[in-house]
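**Q** only the shape, not the letters, is given here:
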């Protein structure tokens, strides 16, 4: 407040001067108004009033933002989305001082600033306001929250129900090719609540965007709970906001970083400032879960309202319990019938968490990636097998003004950038969002009750025409192994021979392989499209024998992946960086297991995490993996049986029914003359070999 | 003790089973004996006795280690060095129980285990024992410590004075080409004390090896202080051990990691277990510096002896003060006349430390790199401009048995791997240790009294025949800049045109440049030798205008390097990875500023650290640098005058005398008709431009 309150004419992209000043202004106004609310000192209210009047003086004279780089340009910022952010928070400020204001000033602000801004963000930009999309949720909340403050029922109705679809052109799309008019034809805040989440709270764009979208949901939701109690927003749709809060908090790795699904910038976390209100409102409105208190303690902050006070009081009273996220399968789609995301968490020695995420969700709208049945793996030390996330430096002006970079489309969204099968070097759905939006994989099975053997399994029938992809992954905890094993079974069936390439984007540095490879004299792009144009081929080897192992070190731990291989299989070691003129891509390593000329291909691997290395001590503990003799005993449309051994003895036989996941179904199978019988989708048998 | 005490027949390299068991054994024996010493419980003494007898049973029957991969194979381990480690610590254990042992057992252990081992490590391996080298220090200490325990004066004398040089062949060398017989002809522990350190405690191989070498110095030193008080080891050579302790603790970055000079594995730190005794003995023997107590607290451990008790007691009494390392210029060479290392530390806002290290030391024996006048830069977040360190994974079996990798020679030692000028793509001293050992740069000036402008300057006359390299670097603290600026002036003069390439090995990801560059379709090795064969050329650009800037982000901060350029200068963006068949090299980026066809080249740059970015908040603060109009106003054998401006106003003019660093010398210089006068080697003038 002691500095000048500046209202510069908008000019810059995100990260630039005018952008950052206006962004700071909404925070300053919000905080000053909160101080008035909490202290009653009029100097704060006067400061807010004068700031708003400064905006009112110039707002209507501003054209749309001169950068003209968004599907919906803002006036204050380069995109209308940021204008909506501004209005959401400034509405809170305005509400705090509204009754204190001179009526003439109120009238002037309403007429010259807020009503024009609300109209700009809605009827003047329907492609921004009327989608089922987090951008629109911000628009709805902004218009609704200012409408509640101004008691402008037209704005409130527009916010709740959107602009009627019949007033809009059909198939209007944004620059990410997301649909403007939803299939339902609905729009507005209630439609967002109904259509943005699956019934269990999953947000189709993923946790990075859920974190962002939850703010307007919670802020407008709370305002509605107070001003329009008859809507009963807290309980709306079987407490969907509470489920969304829960879903967000369950979509983070053991370090608290959100899974970087779809277009996510890495590093966003449970401990980000925006998640403070998620935790506090979740605690106050939905059951006072004491696990949330330990998150609040780590966040080190609470909301400046009754929810925050409840959290602080409970923390002070020692009610916190540790936050211990569980395994869960989220459904996707408003009806919960569009695939989903399966999250397995195994708690090992010292309660150390290993987390597997398999993604078989719907396209995820404009921010979705072509990564059906892809997975990522995490442990206490961070990412083990990574999802690349977005190619973007949010709000960093030097990198494309902070917007999505070209490589987001050409690399990050493509299938090969993910840990999933790529066929004929073509991305799933041919990399076309219009195809992707029509389809989704389906969960085949999810079993998390038995913590020693958890599994997630899903099928994608439409990623490639005429091909069925079926992936099953298990986390196996067994005292023979230091940490949980990841067992991966990927079955691809089709009627034409094809090239199958299965990437593993490991985090760390290659230690060694048990097969020979050669390195090229010069590095060439691996191919020309679908992300392959960004990959340099660093080495190429033909696997020998029935198993191939690749070892790496990452995060101070050793990892060994043992893969079942066929005689003609190849391993391609690759790294992004080709055709990357602005150095926008990270040079993280990966390898592709390649099998060509077959119609059906089944990939099996076991990933061990073992030992460790601390450069301060320079002792390598357990640097080698233990898995040997990985075998497929049978593999057909009915059953898959796979087996592996520990080099010091012990065999594990894992049986899977490929045709039905019915838990009550009885199965019988004869392998090598030995009959096996079990009930349910899968069955594990461990043989301890006393003679070894 | 509850497990079997195993003494397996030696077989494995470092990291392998037998290696790790024998390594654990020395720790177990040492700790068990200490428990006997501290508790008097005989079960511990008996355990140690039985363990030693188990070794005595088999030791003499073992051949030298079957791996045969060292210039001095051990018997227990692959290298005699590790056998010496074993004997140093087991001597402590033996000493703790010696008086308790049955005389017949003592006699047997002396005869069948310890005397043979001492002879093996000395007279049977003079190439190991008789060098001036950290390996030999371990050998000397092992032989001397067991000699003191056994009261075997022959061994003690051998340890103190070495094997007489006349009994050894001339020019015997180890596999790193280090000399076996020192020029002085001296050997043994006292010669190590006299010749291993410069008079101010600098260890020519660098801190990574000093950390390793200090253990035998301190352990044998303390044993001698007790058993041979007449030698007065603590005060020997003007308290050289105390100076070495101080030197080690001053050679770490703001995070406590040792500067990775020469063959250093990164991550070794002040908080490594071996440094506990350095801190504790430093505290107890050399002045009880309360700053060491805060290091001890961070280490979380003390030595199990009187020194450790003194530290723990003082910590408990609240005597700790923060450890705040100072700027210092270390000399190198036993006489302190072989160049050195200059360390500048600037403490900015919040006492945040920026650390610059310029290396102008002697070759550093077999572990030395060809990196004359190279520098590295650190701040609170870690490495900013890195020294590559060694190409080695110490004790990781998969990587060459834990030994130096081939790329240590072909890459890590070469000049281009460092932040120093490379001429005609040839390493300093032609990459030949025999030439390198004959020469060293010399300090030109070091000024650290004025904390707002610190400087280090050195000259290398022999890195390239007929060329003089003179580098001067300043850390400038000025309230106009958020963090200290690094100003770099590198003058190369010669009589023949040559290609000059100055690398900057920045840590982080490229943000942008202010000049155009093109990327090749395929990546080729930049050249064929002297490290260039490992560099892929990722981009090449011709600078435009008089300045070129390169921006990157690392550690959550922005960095901008502004370089003075000439019209034909090029920037080559490079990355190691070529000709690296085992994936041994890190893929960290760098760029070379290239100027060819000139006999004399002066490179000037200013590196700013500014702003920051936290992915949890997604706000980029101060993403752009502020330096403009970097200029050379004059540059000749007498003077260099450089100038730069802040984009918001203010000019800085920095004057340097190239001919004399005499602090009393008066200088006068006329620039653009304006006369300047000053006293001493350099002078800074700041103009604040009120009109801007």
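**A** Perfect, I can see it now. For clarity, every value in this text was computed on a predicted model and none was experimentally measured. Numbering: from 1, shown residues only, chains lettered A, B, ... in the order given.

**Q** lowest-scoring secondary structure element of chain A by mean pLDDT?
**A** Taking mean pLDDT, DSSP states H and E as the measure, chain A has strand A:620-621 as its least confident helix or strand, at a mean of 91.

**Q** tell me the secondary structure for residue A:85?
**A** Reducing the assignment at residue A:85 to three states with DSSP: H, G, I helix; E, B strand; the rest coil gives helix.

**Q** which residues does it contact?
**A** Contacts were defined as Cβ atoms under 8 Å, 6 or more residues apart in numbering or on different chains; by that measure residue A:85 touches A:23, A:26, A:138, A:142. From N, CA and C alone the C-beta is placed, and that goes for glycine too.

**Q** taking the stretch 501-650 of chain A, what residue is nearest to chain B?
**A** residue A:615 (2.8 Å; Cβ to the nearest Cβ).

**Q** just the stretch 151-300 of chain A next, same as before
**A** Closest residue of the stretch 151-300 of chain A to chain B, Cβ to the nearest Cβ: residue A:267 (2.8 Å).

**Q** quick one, what contacts that residue?
**A** With contacts defined as Cβ under 8 Å, 6+ apart, residue A:267 is in contact with A:257, B:614-616.

**Q** looking at the contacts of residue A:85, which one is closest to residue A:368?
**A** Nearest to residue A:368 among the contacts of residue A:85, counting by Cβ to Cβ, is residue A:138 at 19.2 Å.

**Q** my read is that that closest one contacts residue A:216, right?
**A** Yes: at 4.8 Å, residue A:138 counts as touching residue A:216 under the criterion of Cβ atoms under 8 Å.

**Q** so for these two, which residue has more residues nearby?
**A** Counted by other Cβ atoms under 10 Å in any protein chain shown, residue A:138 and residue A:216 do not tie: residue A:138 has more neighbours, with 30 against 25.

**Q** just the element for the more buried one, please.
**A** helix A:134-150 (DSSP states H and E).

**Q** near chain B, which residues of the stretch 301-450 of chain A are found?
**A** Contact residues of the stretch 301-450 of chain A with respect to chain B, defined by Cβ under 8 Å from any Cβ of the partner chain, are listed as A:393-399, A:402.

**Q** farthest pair in the residues you listed?
**A** Using Cβ to Cβ, the two most remote members of these are A:394 and A:398, lying 12.4 Å apart.

**Q** let me see the domain layout of chain A.
**A** A:17-195, A:328-625, A:626-692 (automatic domain parsing).

**Q** pLDDT on the shortest one, on average?
**A** The predicted model gives domain A:626-692 an average pLDDT of 94.

**Q** quick check, that domain touching chain B?
**A** No: legend: contact between domain A:626-692 and chain B by Cβ under 8 Å from any Cβ is lacking; minimum distance shown is 12.5 Å.

**Q** roughly how far apart are the residue nearest to residue A:438 when sequence neighbours are not counted and residue A:263?
**A** Closest residue to residue A:438 in three dimensions, ignoring its sequence neighbours and counting by Cβ to Cβ, 6 or more residues apart in numbering or on different chains: residue A:462, at 7.8 Å. Plainly put, residue A:462 is 22 Å away from residue A:263 if you go by Cβ to Cβ, to the nearest Å.

**Q** which one's more surrounded, those two?
**A** Here residue A:462 and residue A:263 are compared on neighbour count by other Cβ under 10 Å; more neighbours surround residue A:263, at 24 against 18.

**Q** which secondary structure state is assigned to that one?
**A** The three-state label for residue A:263, taken from three-state DSSP, comes out as coil.

**Q** show me what contacts it?
**A** The neighbourhood of residue A:263, defined by Cβ under 8 Å, 6+ apart, consists of A:205-206, A:208-209, A:367-369, A:389-390, A:392, A:404, A:408, A:412-413.
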